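J.: A structural model of the following input is requested.
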Amino acid sequence: LVLEVLIIVLIQYIALVKNNGNAHTCYEKLYFLYNVYLNFAAVVAVFVFEMPPPIMPKDAEAMVELLKKVGVEDYEPRVINFLVELAYRSSFSLLEDAHVLAEYSNKDVATAEDVLLAIRLNEEKCSDLRSIVQRYAEEINAVDLPTFKKDFDASTSLSSLDNAMGENYQLRSDLKQLLEEEHSRSAGDAFSELEDVGDAGIPEKRQKLDL
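T.: Numbers count the residues shown, from 1 in each chain. The predicted structure follows:
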């Protein structure tokens with residue numbers, strides 16, 4: 001059928017060249033006619049001759065059914081290829097782990113028990129972190145954040161807030177007094193304190209041994 005379309009287009013091209021004489025204009029018309037005839041031939045092949053649709057691999061069909069069960073209907077065709085490759089890669093890594101476990105058990109061939117053990121080890125190694133983090137986030141977000149008042153004081157109010165990113169802490173009651181004493185202390189006093197420490201922290205010089 002495609003050969004017949006090409007022959008018809010070639011005959012029309014020769015007729016257009018003889019009538020018009022301009023090869024470039026004839027080529028544009030020829031390209032348009034070729035697309036029209038090719039689309040018409042495809043429609044005839046599907047509806048008249050009842051040609052079967054292209055065969056899809058069983059793995060791809062399984063992925064399509066899996067997406068339908070999940071509720072995904074609108075997706076690009078390359079998504080199926082990506083899912084098939086991911087399934088192949090995951091299966092290959094699981095079988096490799098199963099063979100390693102079989103070698104530890106002095107087996108020549110991996111059994112179903114080795115495969116199940118490999119799956120269990122992968123589940124423990126790669127836990128569902130998304131659900132765990134989501135559960136913790138829901139627990140933390142369930143508590144409303146405290147409102148800051150106009151007379152908010154960081155030295156006294158921060159100790160009552162829960163720290164979500166680190167360990168909770170409490171500030172000393174005499175923090176203000178310590179800060180005031182630290183600022184009021186002069187540089188000379190600090191230097192004198194360092195001199196009072198003296199050479200207590202400096203180790204004694206070792207005596208040279210006469211050889």
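
J.: from now on I want contacts and neighbour counts done on CA atoms only, so please keep to that.
T.: OK.

J.: buried residues of the longest helix seen in the chain, list them for me.
T.: If you go by DSSP state H, the chain has its longest helix at helix 77-104. Residues of helix 77-104 classed as buried: 80, 84, 94-95, 97-102 (neighbour count, 16 or more other CA atoms under 10 Å).

J.: could you do stretch 107-126 as well?
T.: Within stretch 107-126, the residues scored as buried using 16+ other CA under 10 Å are 110, 114-115, 118-119.

J.: and which of the buried residues of helix 77-104 is nearest residue 123?
T.: Relative to residue 123, the closest of these is residue 94; by CA to CA it sits at 11.1 Å.

J.: right, and the closest one touches residue 120 too?
T.: No. Using CA atoms under 8 Å as the test, residue 94 is too far from residue 120 to be in contact (10.1 Å).

J.: helices - which of the buried residues of stretch 107-126 land there?
T.: Filtering those for helices - DSSP H - leaves 114-115, 118-119.

J.: domain-wise, how is this structure divided?
T.: 2-47, 58-125 (automatic domain parsing).

J.: rank those by pLDDT, which is bottom?
T.: Mean pLDDT per stretch puts domain 2-47 lowest among the domains of the chain, at a mean of 58.

J.: just the ones in helices among the buried residues of stretch 107-126 now: which is nearest residue 138?
T.: residue 119 (29.5 Å).

J.: separation between that closest one and residue 131?
T.: 19 Å (CA to CA, to the nearest Å).

J.: residue 92 now?
T.: 26 Å.

J.: for residue 87, see how far away residue 144 is.
T.: Relative to residue 87, and taking CA to CA, residue 144 is found at 43 Å.

J.: counting by contacts, list what the longest helix of the chain packs against.
T.: Where contact means 3 or more CA pairs under 8 Å, 6 or more residues apart in numbering; DSSP states H and E, helix 77-104 is packed against helix 58-70, helix 112-125.

J.: let's have the buried residues of helix 77-104 in TSV, adding distance to residue 179.
T.: Listed next are the buried residues of helix 77-104 as TSV, based on distance: CA to CA, whole Å:
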residue	distance to residue 179
80	65
84	64
94	60
95	64
97	60
98	63
99	65
100	62
101	62
102	66
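
J.: farthest-separated two in these?
T.: Most distant of the buried residues of helix 77-104, by CA to CA, are 80 and 102, 32.7 Å apart.
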